[in-house]
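Participant: Here is a sequence together with a model predicted from it:
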Amino acid sequence: MSTDGFSEEERRAIKERAGELRKEASRDRGDKAAAAELDVLSKIAEMEQPDRGVAERIHAIVTAHAPQLSPKLWYGQPAYARKGKVVCFFRSGHVDKEPYSTFGFTPEANLADDSGLWPTSFAVTELSDEAVETITDLVRKSVS
């Protein structure tokens, strides 16, 4: 454990994010979207199973049901943004050294409602039909 306040995984994520920002800034405007999606697909391909399978399915759900969201890397993990701001993201449990992966939403998703209770993230180990339906509904809601 580090004594500077950040774990090894947190320091790695911070360095990855800094590299992502440098890479984004150096890309030509026309190539940015395609290159960012290739970055996400490459990151997913590097993941170990079952994270890779879950991330591939989530990528397919988001790109099919919210095509206005742009894939990009965010702290070294797949994310989907609107006008450059992340709306939803996937975190590999294996990479984060956790027993489950996470699919989450930022405040940009606008999922808050009057009930005082709304989803911000889910632990994910596999995607059942019910989980796919829940994610699909929330992704659609986040872009409506």
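Facilitator: Looks like it arrived, so ask away. It should be emphasised that the depicted structure is a prediction, and the values quoted were computed from it without experimental measurement.
Participant: Look at the residue sitting nearest the centre point of the chain and tell me its secondary structure.
Facilitator: With distances taken as CA atoms, centre = their mean, the residue of the chain nearest its centroid is residue 89 (2.0 Å). Judged by DSSP: H, G, I helix; E, B strand; the rest coil, the three-state class of residue 89 is strand.
Participant: How about residue 99?
Facilitator: coil.
Participant: Tell me who's in contact with it.
Facilitator: Residue 99 makes contact with 93, 125, according to CB atoms under 8 Å, 6 or more residues apart in numbering. (C-beta placed from N, C-alpha, C; glycine too.)
Participant: What distance do you get for it to residue 123?
Facilitator: From residue 99 across to residue 123, the span is 8 Å (CB to CB, to the nearest Å).
Participant: Please apply the same query to residue 144.
Facilitator: 25 Å.
Participant: Settle it for me: which of these two has more neighbours?
Facilitator: The neighbour count for residue 144 versus residue 123, taken as other CB atoms under 10 Å, is higher for residue 123 (12 against 7).
Participant: Once you drop chain neighbours, what's closest to the more buried one?
Facilitator: residue 100 (4.2 Å; CB to CB, 6 or more residues apart in numbering).
Participant: Which residues are in contact with the one you found?
Facilitator: Per CB under 8 Å, 6+ apart, neighbours of residue 100: 93, 123, 124, 125.
Participant: Also residue 94?
Facilitator: Contacts of residue 94 (CB under 8 Å, 6+ apart): 47, 48, 51, 101.
Participant: Apply 10 Å and report the result again.
Facilitator: Residue 94 sits next to 47, 48, 49, 50, 51, 52, 100, 101 when contact means CB atoms under 10 Å, 6 or more residues apart in numbering.
Participant: and it, which of the three is it?
Facilitator: helix.
Participant: try the one 10 residues further on
Facilitator: Using three-state DSSP as the criterion, the local structure at residue 104 reads strand.
Participant: What residues does it make contact with?
Facilitator: 79, 86, 88, 89, 90, 91, 119, 120, 121, 122, 123, 124.
Participant: Ramachandran coordinates for the closest residue to it other than its chain neighbours?
Facilitator: Using CB to CB, 6+ apart and skipping residues adjacent in sequence, the residue nearest residue 104 is residue 121, 3.2 Å away. In terms of degrees, to the nearest 10, the main-chain angles of residue 121 are phi -160, psi 160.
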